[in-house]
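*Asks:* quick check, what structure comes out for this input:
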Amino acid sequence: MADQALEALIRHWDRVPPDLVPLIASAGRGRFGVAADASTDPDASVRANVVAAAGELGEGALARLVGTMLTDQDPRVSAAAEHALVHMALAQFARTRTGEACLDPRLTDQLWRVREAAEFGFSGSSARFLPGASSLHPQGQASGSSTAPQSGDGIVDGIALACEAFERHRRRGVLLCAMMLLDRERLASASARAGAGGREPGADRLVSWFAHAATDAHSALRTVIRASALPVAGLRAMEWIGVEPWTRACRQRLAQGGNALEHELVLASAHLALRPRRARALSSIELKSRPALRAESPTTDAEPRSPGRRELEKGIFPEVSIVHSLSIDAARGAARIMGVVKAAAPERELAARAFLDHGDVVSRHAAMRALAGVGLRDWAFDLNPQVSAGAAIRLSRADNPRAAEADDADTQWWEHLARSPHERTRFLAQEELANRPDALGATLRGRLLAARRMARAPGEVLEAINAALTEGATQRPALMLARTLGVTPQFQGRIVELAQGDGDAKVVATAIAALADVPTPAASEAALAALDHADARVRANAVETLARKARLGEPLPAQVIEHKTDPHHRVRANCLRVGLAGPEVQAAAADLAAMLRDDRAEHRLAGAWLASRALGGRLRSTLPDAKQLAGRLVELASDDADPRVRRRAFVGASRVMRGLRAAWQHAGTGGER
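*Replies:* Down below sits the predicted model:
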């Protein structure tokens, strides 16, 4: 087709049958620059035909011409030029993944009004190149797409030129075009091209205008972000919120919320909030609530607000009905956003309730993690074991300073949770009930609370321990609490009496262990006398106490080593442990090797425990026959008839290997092997 004929067709475009448009687009591709003279023709109808041809053909060269025609002296031509650019931008946008969702013909009849004055700020036009939203959808472009992919950068270049000239034409439609085309991918690819030396003139020009020029166009674009009815404005707000000077406008846009499609786009991209700069900006958006509307009365049309129930105001978090219509990605994004935005506990609970019966487990789990306090109670009964156990863990008050005051009120609730169908949740509930605080710290929570009380009112705690040491039922927990708090020297007289008494063997054994922290001759004498006690637990604790005193500088009694032939495995192992750290290490090592081959399973079990600590600790370098002991430990881990011995030996062998690897790494960096 001759250039003159192509130019003539463009000049008289209003006479070209629609069926010939695909043919003209194919035949003239790459040669539409011949319309340059027609774009400046004195006849306004010719210029209008150039704009109409550009809108239907979607050629990059024509887009650049249309960008210059926004300042046309005829308002009809300039308005038509604006419409044409919007249509070409929509066609480009429709090819993106986001555009395919936005331009779904089932959704866009009421969402995309490209010819309305309320959206573009100009009066409507009936130009035939502005089809309905459904024809913009990729499925509606089957017969001869009017915008070829290779023309894309030319169209973007034309829109960039129009944005740069905004102060001359003040056409808001070009800002909508820029908003649709400036997605994260285009911004990122422009930066990548700049680093690699590549070039895509149209996209680079548009990105440069967006990033560097502080003009009236930017102020107008911020207004478009805040007020546009297009759902993609919410998505761009989510993408740009971490970039100045767009943060404030984007925050306002997200805070005001939107329709279902906008919530879908925004929340499906909630993973962008992982970037700290975006998270900081989003954290200033607040979830607010209001009294809920009652259902319509059959006798009146009024809908008075209920003073009891509350509901979330419109904002970044969607309504409950919308939450259940979101895609999986968007629903998970909504749950993630709950933990980012600013919200008081009641508002956060209102938002989370939308997920209580949601079908996606990941969404429910994320919503649960955004909550705290009693708002989690419903989640502890979730059908999914991970959600249920997660709520139970977050509800636990094992480290709550006020647990003592609040425990009685929720004991019944924990008892109910202890009947949960989920094994992990039942275990947590039972542990919570078992760890109720007590005055003597017999439980984990009790010890934590006692430590806090000791820092706040030590006199009260010491009086309680002293009183408990005089009563048989509370003597053992009182001794354990005194050791935990490090106050055993203050009760040394009473502890020595208990260690020398003939009361309950468990109490005597605990008292002997507590004497390790009492640096007095009476304490040492009581521990030495306990070596001949009838109860093996007492004898074992006596060996440990005397060994600890020896490490602190006291002489080690010879009777300790003599008990290496004790018939009880724990006493024997404790004595050999003392021997391995002393001058008779060769004999102690031989006794340990014999213990590892003992016919009695309990002695092999205690021997495996001792070998793992000797070979995996600081005694390894001085221990004779270490290789043989390690080999025997491996044999027990694989061949011993008793499963307890196999498990203990396996754990011990693993400990030894970790110690060896650490020593090799230390030697490899110049340290001593």
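*Asks:* so where's the stretch 501-650 of the chain uncertain?
*Replies:* 617-623 (pLDDT under 70).
*Asks:* what ranges does it have for its helices?
*Replies:* Here the stretch 501-650 of the chain has its helices, by DSSP state H, counting those that start in this stretch, at 505-514, 521-529, 536-551, 558-562, 569-580, 585-596, 601-616, 626-639, 643-668.
*Asks:* relative to residue 96, which of those is closest?
*Replies:* Residue 96 lies closest to helix 643-668 among the helices of the stretch 501-650 of the chain, at 51.0 Å (Cβ to Cβ). The C-beta positions use only the backbone N, C-alpha and C, and glycine is treated the same way.
*Asks:* which secondary structure elements does that closest one contact?
*Replies:* Packing partners of helix 643-668 (3 or more Cβ pairs under 8 Å, 6 or more residues apart in numbering; DSSP states H and E): helix 601-616, helix 626-639.
*Asks:* and of the helices of the stretch 501-650 of the chain, who's closest to residue 415?
*Replies:* Closest approach to residue 415 among the helices of the stretch 501-650 of the chain (Cβ to Cβ): helix 505-514, 29.3 Å.
*Asks:* in the closest one, what's buried?
*Replies:* 507, 508, 509, 510, 511, 512, 513, 514 (16 or more other Cβ atoms under 10 Å).
*Asks:* now those residues in CSV, with distance to residue 225?
*Replies:* Shown next, in CSV, are the buried residues of helix 505-514 (distance: Cβ to Cβ, whole Å):
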residue, distance to residue 225
507, 74
508, 77
509, 73
510, 70
511, 74
512, 75
513, 70
514, 70
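*Asks:* on that earlier part again, make a markdown table out of the helices and strands packed on helix 643-668 and add mean neighbour count and distance to residue 534.
*Replies:* Listed next are these as a markdown table, based on neighbours: other Cβ atoms under 10 Å; distance: least, Cβ to Cβ, whole Å:
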| stretch | mean neighbour count | distance to residue 534 |
| --- | --- | --- |
| helix 601-616 | 23 | 18 |
| helix 626-639 | 16 | 31 |
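*Asks:* make CSV out of those helices and add distance to residue 319.
*Replies:* As requested, the helices and strands packed on helix 643-668 are exported to CSV (distance: least, Cβ to Cβ, whole Å):
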stretch, distance to residue 319
helix 601-616, 60
helix 626-639, 60
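*Asks:* compare those helices and give me the one nearest residue 156.
*Replies:* helix 601-616 (65.8 Å).
*Asks:* check which residues of stretch 468-483 are buried.
*Replies:* Residues of stretch 468-483 classed as buried by neighbour count (16+ other Cβ under 10 Å): 468, 469, 474, 475, 476, 477, 478, 479, 480, 481, 482, 483.
*Asks:* give me the pLDDT for the nearest residue to the third one once chain neighbours are set aside.
*Replies:* Right, the one you point to is residue 474. Using Cβ to Cβ, 6 or more residues apart in numbering and skipping the chain neighbours, the partner closest in space to residue 474 is residue 468 (3.9 Å). What the model reports as pLDDT for residue 468 is 86.
*Asks:* so residue 468 touches residue 476, yeah?
*Replies:* No: between residue 468 and residue 476 there is no contact under Cβ atoms under 8 Å: 9.4 Å.
*Asks:* just to revisit the earlier point, closest one to residue 358 out of the buried residues of helix 505-514, please.
*Replies:* Of these, the one sitting nearest to residue 358 (Cβ to Cβ) turns out to be residue 510, at 51.8 Å.
*Asks:* what's the spacing between the closest one and residue 536?
*Replies:* Distance, residue 510 to residue 536, by Cβ to Cβ, to the nearest Å: 15 Å.
*Asks:* any stretches of the stretch 51-200 of the chain with poor pLDDT?
*Replies:* For the stretch 51-200 of the chain, the stretches with pLDDT under 70 are 97-152, 191-200.
*Asks:* just the helices in it please.
*Replies:* According to DSSP H, counting those that start in this stretch, the helices that the stretch 51-200 of the chain contains are 60-68, 75-93, 97-102, 117-120, 133-136, 152-164, 166-169, 173-181, 184-196.
*Asks:* mind putting the ones you listed into TSV with mean neighbour count and distance to residue 274?
*Replies:* Shown next, in TSV, are these (neighbours: other Cβ under 10 Å; distance: least, Cβ to Cβ, whole Å):
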stretch	mean neighbour count	distance to residue 274
helix 60-68	26	37
helix 75-93	24	26
helix 97-102	18	19
helix 117-120	15	33
helix 133-136	19	33
helix 152-164	25	29
helix 166-169	15	34
helix 173-181	25	24
helix 184-196	14	14
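*Asks:* closest one to residue 497 among those?
*Replies:* Among the helices of the stretch 51-200 of the chain, helix 184-196 comes nearest to residue 497, with 75.7 Å by Cβ to Cβ.
*Asks:* other SSEs contacting the helix or strand following that closest one?
*Replies:* As assigned by DSSP states H and E, the chain's next helix or strand after helix 184-196 is helix 201-212. Applying 3+ Cβ pairs under 8 Å, 6+ apart, one finds that helix 201-212 contacts helix 152-164, helix 173-181, helix 184-196.
*Asks:* now do the shortest one: distance to the chain's middle.
*Replies:* What that stands for is helix 173-181. Averaging C-alpha positions (Cα atoms, centre = their mean, to the nearest Å) puts helix 173-181 33 Å from its chain's average.
*Asks:* now for that helix, which elements pack on it?
*Replies:* Using 3+ Cβ pairs under 8 Å, 6+ apart, helix 173-181 is in contact with helix 75-93, helix 117-120, helix 152-164, helix 201-212, helix 216-227, helix 232-240.
*Asks:* mind doing that once more with 6 Å?
*Replies:* helix 75-93, helix 152-164, helix 216-227 (3 or more Cβ pairs under 6 Å, 6 or more residues apart in numbering; DSSP states H and E).
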